[in-house]
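What shape does this take:
(one chain, ligands or ions: 1)
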Amino acid sequence: MNSPVIYYFDNNATTRVAPEVVEAMLPFLREYWGNPSSTYTFGRQLGSHLDEARARVAALINAEPREIVFTSCGTESNNSAIQSALATRPGKTHVVTTAVEHSANIKFGELLQKRGCTVTFLPVEPDGSLDPHRLEQSIRPDTAIVSVMWANNETGILFPVREIAEICHRHGVLFHTDAVQTPGKLKIDVRALEADFLSLSAHKLHAPKGIGLLYVKRRVKYQPYVVGGGQERGRRGGTENVANIVAFGRAAQLAMAHLLDEDTRVRALRDKLEDGILTGIPGTSRNGAKEPRLPNTSNIAFAGVEAEGILMLLDQAGICASSGSACTTGSLDPSHVLTAMGCSAARARGSIRFSLGIYNTEAEVDYVLKHLPGIIARLRASVPVEEMAPAKHPN
Ligand code: PLP
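Numbering: from 1, shown residues only. Take a look at the predicted model:
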C-alpha cells in the first residue's frame, strides 16, 4: 500500500494511531503475546499490564478501575448497556433513545422492537438539540433505560447529559450515555455526570480499532452480553486483546494531556475552516447550533450540489472528509441525523462533515480553503440553475 499525502479531516470516523500508542503496544505483539489467563508466568505476567491500562482508562473518566469492562468496540458497549438494563429489570421492556444516535443504537433499538420491546426514538429540535422535558415525558413505568449520546458524531452537538441523568434517577430509570466522540475533546467525569453506563471506543482517541469499554457504575446490576470465559471479572467473555488494551490505556493518558489543545488550537482551526467556508463560498450554511458543540466538528450544507460529488473531488485533492451518510449500493441516503433535524433531503444530501484532530495544522486548513471554492463552483457549473436555490437553514 502506498501512502500519499493526505489532508485528514475525518477524525470523528477514526483517528490516526498516535506514535506513542504504537510504541506502547508493540512489545505485546512481538514479545509478550501470551494469554493473561494462563497459569504460567509468561501469560500471567500480563495481568499487571492489563491492570495498569484499566487504571489509565478509568482515570480518563474519573471511574474506579473495577468499573471498567473492556469490549471490542463502541457498538458492543452500547448494545451491552441496553441489553443489561432490560435483562436485570424484569417486566421493564421500554427503552428511550434519540432519532440521531449512531446506528449502534438505532439498529439495536429496531432489533429490540422486533423482539417485542418498545423503543422511543426521541425527535430533536431543528438546531440538533434535545429537549430534556420531552425526554422526561417519554419515561413510563416500564422504562428500563434511557440511552442518549453525549456528542453527536455528525454535527458535534452536545446533549445535556448531566440534566438527563438527573431526570432518569428521579424516575428510577437507568442512564447510559454513548460518549464515544468525547475523549480528548471534553472532560469526562462519570461521578459528576452520575451516569450508570458510559461507552467509549479507542479508535476515536488515537488507539487501534477493535477495542472499547463500557463503564458500569459500582452496584449497578450488570448482565454480560458476550458470554464465555470468566474474563473481565465475569462481565465479558473472550480472551483479552492485551496489545489493544495497553494501547487504549496509553491513548487515554494522551487524551487527557490533549484536552487543552483540542479546546483552543483545534477549536480555532475548526472555526477558521467553518468561517472561511461560510463567508467564502456562497450558498453555504452550518447544520446545527454553533454551541454547545464539540470543538472539532463542523457540518456544512452546500446548496445545489451533492455531497458525493464534493467528496470525490476533495478526495482527488487528497482531502478526507465525510458526508455522514450511509452509502448503499452506490447512492447516498440522506443522513438520518440531518433528516431528524428537519433538513430537506436535498440539503442533507449536500452536506459535508469536517472533523479535525490534534494532528491538523493551519496549513492544512488553508489547503482546504484554497481548493474547496473551486470544487463547489465546478460542481455547480455542471448542475441546472433551477436546482441551485440557496440552502434553507433548518433553524
Ligand atoms: N457511537 C458513536 C457516537 C460513534 O461515532 C461511533 C463510531 O463512529 C460508535 C458509537 C461506534 O463505535 P465503534 O466503531 O467502536 O463500534
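
rest of the way, CA atoms for contacts and neighbours
Noted.

elements contacting the helix or strand hosting residue 22?
Applying DSSP states H and E as the criterion places residue 22 in helix 19-25. With contacts defined as 3 or more CA pairs under 8 Å, 6 or more residues apart in numbering; DSSP states H and E, the packing partners of helix 19-25 are helix 242-261.

could I get the helix it packs on in CSV with only the CA atoms?
The C-alpha trace of helix 242-261 is given here as CSV (Å, rounded to 0.1, in the frame of the first residue of the first chain):
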residue,chain,number,x,y,z
VAL,A,242,-3.8,-7.3,25.5
ALA,A,243,-2.0,-5.1,22.9
ASN,A,244,-5.1,-3.1,22.2
ILE,A,245,-5.9,-2.7,25.9
VAL,A,246,-2.4,-1.4,26.6
ALA,A,247,-2.8,0.9,23.6
PHE,A,248,-6.1,2.2,24.9
GLY,A,249,-4.5,2.9,28.3
ARG,A,250,-1.7,4.9,26.7
ALA,A,251,-4.2,6.8,24.4
ALA,A,252,-6.3,7.6,27.5
GLN,A,253,-3.2,9.3,29.1
LEU,A,254,-2.6,11.3,25.9
ALA,A,255,-6.3,12.3,25.5
MET,A,256,-6.2,13.9,29.0
ALA,A,257,-3.0,15.7,28.0
HIS,A,258,-4.6,17.0,24.8
LEU,A,259,-7.7,18.4,26.2
LEU,A,260,-6.4,22.0,26.2
ASP,A,261,-5.0,21.7,22.7
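
Could you pull out the buried residues of the next helix or strand after the helix holding residue 22?
Per DSSP H and E, the first helix or strand lying C-terminal to helix 19-25 is helix 27-30. By neighbour count on 16 or more other CA atoms under 10 Å, the buried set for helix 27-30 is residue 28.

How far does helix 27-30 sit from its chain's centre?
Centroid separation for helix 27-30 versus its chain: 28 Å, with CA atoms, centre = their mean, to the nearest Å.

swap in stretch 298-307?
Taking the mean of its C-alpha atoms, stretch 298-307 sits 21 Å from the chain's own mean (CA atoms, centre = their mean).

what's the least confident helix or strand in this protein, going by average pLDDT?
Here the helix or strand of the chain ranked lowest by mean pLDDT, DSSP states H and E is strand 327-328, holding a mean of 42.

where along the stretch 251-395 of the chain do the strands fall?
For the stretch 251-395 of the chain, the strands defined by DSSP state E, counting those that start in this stretch occupy 284-286, 297-302, 319-320, 327-328, 331-332, 351-355.

what bits of this protein have low per-residue confidence?
Within the chain, the stretches with pLDDT under 70 are 1-2, 325-332, 384-395.

Tell me the residues on it that lie near the ligand, please.
13, 73, 74, 75, 102, 104, 152, 153, 178, 180, 181, 201 (CA under 6 Å from any ligand atom).

out of the residues you listed, which is most surrounded?
residue 201 (30 neighbours; other CA atoms under 10 Å).

which residues does it bridge with?
Taking DSSP bridges as the rule, residue 201 bridges to residue 212.

Please name the residues that touch it.
Residue 201 makes contact with 73, 74, 180, 209, 211, 212, 213, according to CA atoms under 8 Å, 6 or more residues apart in numbering.

what's the neighbour count on the last one?
In other words, residue 213. 28.

Let me see the contact set for it.
Residue 213 neighbours (CA under 8 Å, 6+ apart): 68, 69, 70, 71, 72, 73, 74, 77, 199, 200, 201.

For the ligand, see how far away the second one is.
Think residue 69. Separation of residue 69 from the ligand (CA to the nearest ligand atom, to the nearest Å): 14 Å.

And for the first one?
As for residue 68, its distance to the ligand is 16 Å (criterion: CA to the nearest ligand atom).

And residue 135, by the same measure?
Where the ligand is concerned, residue 135 sits at a distance of 19 Å (CA to the nearest ligand atom).

can you put the contacts of residue 201 in CSV and add distance to residue 40?
Putting these into CSV (distance: CA to CA, whole Å) gives the following:
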residue, distance to residue 40
73, 29
74, 32
180, 36
209, 29
211, 26
212, 28
213, 27
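
re the thing from before, of the residues of the chain next to the ligand, just say which sits nearest to residue 35.
residue 73 (20.3 Å; CA to CA).
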